[in-house]
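Chemist: Task: produce atomic coordinates for the following.
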Amino acid sequence: MLDTIRRHQQSWLTYLIFLAIIVVFAVNFGPGSSSCRGVAGSPYAAMVDGDTIRQQEFALLYSRRLEAMRRRAQASNFDFTTDMAEKMGLRSEVINQLIDGKLLAHEADRRGLKISDEELLEYLQTTYRVKDVSPEDYRNFVERNFHVNVTRFENEVRDEMLGQKMARLLTDNVMVGDGELQKAYLKDHDRASIEYVRFELGSDAAPPSAAAIDTLLADEGKAVEERYHAESYKYRVPEQRHARQILRKLKADASDAEVAKARSQLLEYKGQIEGGADFAALAKEHSDDAATKAQGGDLGLVKRGALPKSVEDAVYALRQAQQLASEPVRSPFGLHLVQLTEITAPTQKPLKDVEREVAANLLRERAAEVKAKAAATALLMQLKAGKALAALTESEDDVKKAEEAAKAAKPPKAKPASGKLVRRDSGWILKADQAVPGIGLSPELHSAIFARTKSAPLGETVIKVGRAFYVFVLKDRETPDLAKFAADKDTLREQAQFTKRRSVFEAWVKQLRAQAKVELNPSVFGKGAAAPQDEG
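Modeler: Numbers count the residues shown, from 1 in each chain. This is a model prediction of the structure:
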């Protein structure tokens, strides 16, 4: 324990304040609290180059982060649950933070950085509010809430501080020069935003006639061939597996003795087959599966999803014809002894065998394209005639509100159709990038957007991107203002340096991770869990 803390004497008021802190920590982070659920068992959450991250450390930080998220949600009248946190990856985010802290502490130690007692005391006072506390209460506080002795607690706090010191050492000298700052400003502030309506190519086009297919093949054979090669994945026949089985039926609630008996019988048949006996003959005599017994247990071609998953997985785990599964596999029907009889390699259907199918798909797409383009053009003509986009469409927010109101109704009902098209907002689009948020990469659309002005905001033509046509109206256009840049330069530099330092720091920690040995506790993160990686 710190000698400084040992020397302090507490007043009655200090004791009450300190007791309140202990209660808060115990409720939120102590044994039996929500922070500890799911982390019982082995004492470590992760090992970083042989150094332990304790489960209690993980649980404590997880609880703090979860509680902060709940408070933010409550401020918006939203009920935030633990399940939501799990889906958002909070568990991975928290263990990542702890792993990074260990890596930083190790690197700081390697470089000879130290934390003095004075620095530690100040940190404990500001972070844990440990001030004017008796040695006994300090020890009780640490042991009750962190489940370690004082020495280990202070060592872990020193590691935390070393990590922070190492991060500062790495990033404090990262600067953004005037030229770099102005270049970033010019890029970030030469931008536009649009409102747009998407007309997707439908899939309801009528099948083309045989005559139309014949004409396309005769006149545009090259187009059919190009489409075949572009979508060759559609015409691949995947690997196929032929298998057979001997089934011993079992009830769902079969006893361990019954399962053991069936397994013993099947292993006996397996031994006979490996000794030269005929699988088909044994299946005809002993299998309980009426559907395949007469055919020697023949399951035919085993396609994904056609058999119980355990049987299917057993078949696809085998690597060569005539190979037997090493163990009988359980399914809702009982125990199966499985043998792979044949593997058919994947093949590609030749164009001549599928050319009519390819031509039919191409004709249907063309019909859908004509229909979608006509609808988009009709809207564009209305806008050119002077009608407002807002009058002809409804916003995404309006659609969501109507859907939520329909769901909230008692009984719930379908959202009433307004008959209007839906307009969407792109957000800012950078002139330096050709990607349009929500739409994708389209040099044609990007150029058209930046050719529009506030006085002439309507896109001149409909534009096809992927499987949709788009009509757009310029919503806003911003060009860099160097006078504003000069006035905001200090603030912009601070923001840019923060971003750059974070990027440098993350890249450096990622390199440390690549060189480290990180092991997660399977009782906390599941069997086979790999060490989580920082994004970026």
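
Chemist: so Leu266 touches Val338, yeah?
Modeler: No: using C-beta atoms under 8 Å, Leu266 is not in contact with Val338, being 9.8 Å away. All C-beta spots, glycine's among them, are computed from the backbone N, C-alpha and C.

Chemist: can I assume Phe153 sits in a strand?
Modeler: No: Phe153 sits outside any strand when classified using DSSP: H, G, I helix; E, B strand; the rest coil, being helix.

Chemist: re earlier: neighbour-wise, which of Leu266 and Val338 wins?
Modeler: Applying other C-beta atoms under 10 Å to Leu266 and Val338 shows that Val338 carries more neighbours, namely 28 against 25.

Chemist: got a list of what that one touches?
Modeler: With C-beta atoms under 8 Å, 6 or more residues apart in numbering as the criterion, the residues that contact Val338 are 243-245, 311, 314-315, 318, 324-325, 329.

Chemist: Output stretch 239-250 in PDB with nothing but the alpha carbons.
Modeler: This file holds the C-alpha atoms of stretch 239-250, laid out as PDB (Å, rounded to 0.1, in the frame of the first residue of the first chain):
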ATOM      1  CA  GLU A 239     -19.600 -30.700 -55.800                       C
ATOM      2  CA  GLN A 240     -22.000 -33.500 -55.200                       C
ATOM      3  CA  ARG A 241     -21.600 -36.400 -52.700                       C
ATOM      4  CA  HIS A 242     -23.200 -39.800 -52.800                       C
ATOM      5  CA  ALA A 243     -23.500 -41.600 -49.500                       C
ATOM      6  CA  ARG A 244     -25.300 -44.400 -47.700                       C
ATOM      7  CA  GLN A 245     -26.100 -45.200 -44.100                       C
ATOM      8  CA  ILE A 246     -27.100 -47.800 -41.500                       C
ATOM      9  CA  LEU A 247     -29.600 -46.300 -39.000                       C
ATOM     10  CA  ARG A 248     -30.400 -47.600 -35.500                       C
ATOM     11  CA  LYS A 249     -33.500 -45.700 -34.500                       C
ATOM     12  CA  LEU A 250     -33.700 -44.100 -31.000                       C
END
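
Chemist: pLDDT (mean, whole number) over it?
Modeler: On average, the pLDDT along stretch 239-250 is 92.

Chemist: mind listing what's buried in it?
Modeler: Taking 16 or more other C-beta atoms under 10 Å as the basis for neighbour counts, the residues of stretch 239-250 that come out buried are 241-248, 250.

Chemist: tell me how far the ends of stretch 430-440 are from each other?
Modeler: When the termini of stretch 430-440 are compared using C-alpha to C-alpha, to the nearest Å, they are 13 Å apart.

Chemist: repeat for stretch 274-283
Modeler: From the first residue to the last, stretch 274-283 extends over 14 Å; the measure is C-alpha to C-alpha.

Chemist: Provide the contact partners of that stretch at residue level.
Modeler: Contacts with stretch 274-283, where a contact means C-beta under 8 Å, 6+ apart, come from 244-246, 269, 272-273, 292-293, 295-298, 324, 339.

Chemist: let's go with 10 Å and repeat that
Modeler: Outside stretch 274-283, the residues within contact range by C-beta atoms under 10 Å, 6 or more residues apart in numbering are 244-247, 266, 268-273, 284, 287, 289, 292-298, 322, 324, 337, 339, 341.

Chemist: in it, what's buried?
Modeler: When neighbours are counted by 16+ other C-beta under 10 Å, the buried residues of stretch 274-283 are found to be 279-280, 282-283.

Chemist: Then stretch 480-498?
Modeler: Burial within stretch 480-498, assessed by neighbour count using 16+ other C-beta under 10 Å, is assigned to 480, 492-493, 496-497.

Chemist: ok, so of the residues you listed, who is nearest Thr52?
Modeler: Gln497 (35.1 Å; C-beta to C-beta).

Chemist: For that closest one, what is the enclosing helix or strand?
Modeler: Gln497 belongs to helix 489-515 when elements are defined using DSSP states H and E.

Chemist: which one is His286 nearest to, not counting chain neighbours?
Modeler: Nearest residue to His286, sequence neighbours excluded (C-beta to C-beta, 6 or more residues apart in numbering): Ile246, at 6.0 Å.

Chemist: where does the chain have its least confident helix or strand?
Modeler: Averaged element by element with mean pLDDT, DSSP states H and E, the chain has its least confident helix or strand at helix 12-29 (a mean of 33).

Chemist: Run through the bridge partners of the residue nearest to His286.
Modeler: In this structure, Ile246 has beta-bridge partners Leu337, where bridges are defined by DSSP bridges.

Chemist: list the contacts for it?
Modeler: Remark: with contacts taken as C-beta under 10 Å, 6+ apart, Ile246 is in contact with 265-266, 269-270, 273, 279-280, 282-289, 292-293, 296-297, 328, 335-339.

Chemist: hmm, 8 Å instead?
Modeler: The neighbourhood of Ile246, defined by C-beta under 8 Å, 6+ apart, consists of 266, 269, 279, 282-283, 286-287, 297, 336-337.

Chemist: Mind checking which of those residues are in strands?
Modeler: 336-337 (DSSP state E).

Chemist: Kindly reformat the contacts of Ile246 as JSON lines and extend each row with pLDDT.
Modeler: Rendered in JSON lines, the data for the contacts of Ile246 read as follows (pLDDT from 0 to 100):
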{"residue": "Leu266", "pLDDT": "95"}
{"residue": "Tyr269", "pLDDT": "95"}
{"residue": "Phe279", "pLDDT": "95"}
{"residue": "Leu282", "pLDDT": "95"}
{"residue": "Ala283", "pLDDT": "95"}
{"residue": "His286", "pLDDT": "94"}
{"residue": "Ser287", "pLDDT": "95"}
{"residue": "Gly297", "pLDDT": "94"}
{"residue": "His336", "pLDDT": "95"}
{"residue": "Leu337", "pLDDT": "95"}
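
Chemist: Which one of the contacts of Ile246 is nearest to Ser116?
Modeler: After measuring those against Ser116 - C-beta to C-beta - the closest member comes out as His336, at 67.8 Å.

Chemist: so who does that closest one touch?
Modeler: Residues counted as contacts of His336 (C-beta under 8 Å, 6+ apart) are 245-247, 266, 310-311, 314, 328-330.

Chemist: C-alpha coordinates for stretch 130-139, CSV please?
Modeler: What follows is stretch 130-139, C-alpha atoms only, in CSV (Å, rounded to 0.1, in the frame of the first residue of the first chain):
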residue,chain,number,x,y,z
VAL,A,130,-9.1,7.4,-2.7
LYS,A,131,-8.2,10.3,-0.4
ASP,A,132,-7.8,10.7,3.4
VAL,A,133,-8.4,7.0,3.9
SER,A,134,-7.1,4.7,6.7
PRO,A,135,-5.0,1.7,5.7
GLU,A,136,-7.7,-0.7,6.8
ASP,A,137,-10.5,0.9,4.8
TYR,A,138,-8.3,1.2,1.8
ARG,A,139,-7.4,-2.5,2.0
